[in-house]
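Novice: Only the shape, not the letters, is given here:
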């Protein structure tokens, strides 16, 4: 990995790992310890978890169900490991890489072409992340649209890396970086030999970037908090940023989620920053420059320092226009994507659907930072499969909730509604608009449970049981007494939590929860000096070990796929090797390693064809010369296609 790239990615990861939650709300490790002691005292054990129905109470640990039908692959620790390893009988091939053509007139990718931002607008963006396959009805298992997030950019986007000229970023560089953000929509189909290929030209192919006009929908549309000098009406945002994970609606639209958007803004007015919750509570930069990209030196829209001489204070409200769910219709390339503000504004990792039999819905999200919260949004209306047109505005009205994990394995969803739970003008929330723009502060106020960096959520396709990855957290401070069942003070490896909503109802306000697993090395493992590892580095995994669970998804059979994101050069990760994709049986809790990526990468984003015979996975920011879709040995973020050699179902 190039040293400048290693340092840049480490800086981004360090910001993601920061805790900026000022609340004193009880932490999950405290509640788990209390709850475990209470359960043991009461003699309830796991039987208590069946109180609200569902499947948690019926699970007997390690009783195999036969879901995992492949041989796990080994850890890869070599410093020069530069490929994608999959089990025997499977093939992985590069499918869609940064710089590949999306639009028909896109020029061929040229790593030495300079900063042609107009070419980048026609090509695949950088750092592929969350994605979804949308099938065409006439041939769903052979033809569809692949929608892919492009989270952020690496210095390798430019032939000479990021540069400054007289203290400013060159405008062409900044525009190329903005063009490399966003989303790609590409048409894919099987050829006559049965191999998946990209389709070009295609009327469906589309690039949405940080330069694309988007509409503002929901309660904040036109609100004063969304108005800026460049958009006095407060109804049109230029672009979407830092799209990490995603979601899908039952009416066939894609939900891109804006995660670490504070990286891009700066407010140099120290006094204003200190009192402006919408900046301070989210970690907007408050130095001379924004934290990593310094776009504001070339594009004043990203300078959120208040300017009394301009309408609406200049661009001070521009950060308010990011951190939302963006709804995109992949089957209408002429449609305008919409930022759905009823979801609330956070560092949103995903917006994963749970659909009840009666049409009620919940969309779950993690707020990806240490000490932040788990949310769900419940639309006011219900999905009506017989009336597709009526579903199009369902995301503009509903209730945002945040989770409180109680002792004893119970939990509550706390409504973030103006006038309730202390969300009043006296506490800084003059209306529902302030609640939604400052959702983190609202969650502080109502007493939500700070979590160990909540990221992706997955909902079981049959039971509607909900899982969330808590990637890691070594900044919690003093913790309760530790044991193998509890989260850890120096939680370098993370855990996965799961819960059942009361009566299986996505809109319920009560749930039962438990820890599915604690990641880390096996109990009794030793370090390189032969000393037993401390408890905070060991976990409860039954099967192949891993660290820092991040991406998470279920396939149609109920296999739980887990993706990891850690620094593979860190000493604490010596046994983990390169980042990986694993598969877990929710019944037995057995875990097997399915895929390992090249050194320096993150494995993220996952989707399947409807018959589950093709799987797409993203290899983000590979640090070594992993061959991209054109076979060249230049590190490029790449979507990888995985198939079984016998044409069978992946993982079965």
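Specialist: That came through fine. The structure presented is a predicted model; accordingly, all values stated were derived computationally and were not measured.

Novice: shouldn't residue 358 be in contact with residue 383?
Specialist: No - look at residue 358 against residue 383 with Cβ atoms under 8 Å: they stay out of range, at 9.3 Å. (C-beta placed from N, C-alpha, C; glycine too.)

Novice: And the two? Which one has more around it.
Specialist: Between residue 358 and residue 383, counted using other Cβ atoms under 10 Å, residue 383 has the larger neighbour count: 20 against 10.

Novice: so the more buried one touches residue 395, yeah?
Specialist: No - using Cβ under 8 Å, residue 383 and residue 395 do not qualify as a contacting pair, with a distance of 10.9 Å.

Novice: List the buried residues of stretch 87-97.
Specialist: For stretch 87-97, a neighbour-count test (16 or more other Cβ atoms under 10 Å) marks 87, 90, 92, 94-97 as buried.

Novice: For those, could you give me a markdown table that also reports pLDDT?
Specialist: Formatted as a markdown table, the buried residues of stretch 87-97 follow (pLDDT from 0 to 100):
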| residue | pLDDT |
| --- | --- |
| 87 | 98 |
| 90 | 98 |
| 92 | 98 |
| 94 | 96 |
| 95 | 97 |
| 96 | 97 |
| 97 | 96 |
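
Novice: what's the average pLDDT for the helix or strand in which residue 443 is found?
Specialist: For residue 443, the element it lies in under DSSP states H and E is helix 439-446. Taken as a whole, helix 439-446 has an average pLDDT of 98.

Novice: can you check stretch 355-367 too?
Specialist: 97.

Novice: what about the helices in the stretch 351-500 of the chain?
Specialist: Read by DSSP state H, counting those that start in this stretch, the stretch 351-500 of the chain holds these helices, from start to end of the chain: 432-437, 439-446.

Novice: who's in contact with the shortest one?
Specialist: Translated: helix 432-437. Judged by Cβ atoms under 8 Å, 6 or more residues apart in numbering, the contacts made with helix 432-437 from elsewhere in the structure are 219-220, 223, 225, 278, 320, 341-342, 344-345, 400, 416-418, 423, 428-429, 442.

Novice: how does it look with 7 Å?
Specialist: For helix 432-437, contacts defined as Cβ atoms under 7 Å, 6 or more residues apart in numbering pick out 219-220, 223, 225, 278, 320, 341, 344-345, 400, 416-418, 423, 428-429, 442.

Novice: List only buried entries from these.
Specialist: Buried positions within these, assessed by neighbour count (16+ other Cβ under 10 Å), are 219-220, 223, 225, 278, 320, 341, 344-345, 400, 416-418, 423, 429, 442.

Novice: Relative to residue 298, which of the residues you listed is nearest.
Specialist: Top of the list for closeness to residue 298, among the buried ones among the contacts of helix 432-437 and by Cβ to Cβ, is residue 320 at 21.6 Å.

Novice: what's the burial count for residue 262?
Specialist: Using other Cβ under 10 Å, residue 262 has 25 neighbouring residues.

Novice: What of residue 110?
Specialist: Neighbour count for residue 110, taken as other Cβ under 10 Å: 11.

Novice: and if you look at residue 201?
Specialist: With other Cβ under 10 Å as criterion, residue 201 counts 12.

Novice: wait, it sits on residue 102?
Specialist: No - no contact is recorded between residue 201 and residue 102 when judged using Cβ atoms under 7 Å, the distance being 10.3 Å.

Novice: wait, residue 421 sits on residue 444?
Specialist: No - in this structure, residue 421 sits apart from residue 444 without contact. The criterion is Cβ under 7 Å, and the distance is 11.1 Å.

Novice: These two: who's more crowded?
Specialist: A direct count of neighbours by other Cβ under 10 Å for residue 421 and residue 444 places residue 444 higher, at 23 against 18.

Novice: The more buried one and residue 511, how far apart?
Specialist: According to Cβ to Cβ, to the nearest Å, residue 444 and residue 511 sit 21 Å apart.

Novice: how far away is the nearest residue to residue 316 once chain neighbours are set aside from residue 471?
Specialist: By the measure of Cβ to Cβ, 6 or more residues apart in numbering, the closest residue to residue 316 outside its immediate chain neighbours is residue 306, 4.3 Å from it. Taken as Cβ to Cβ, the spacing of residue 306 relative to residue 471 amounts to 35 Å.
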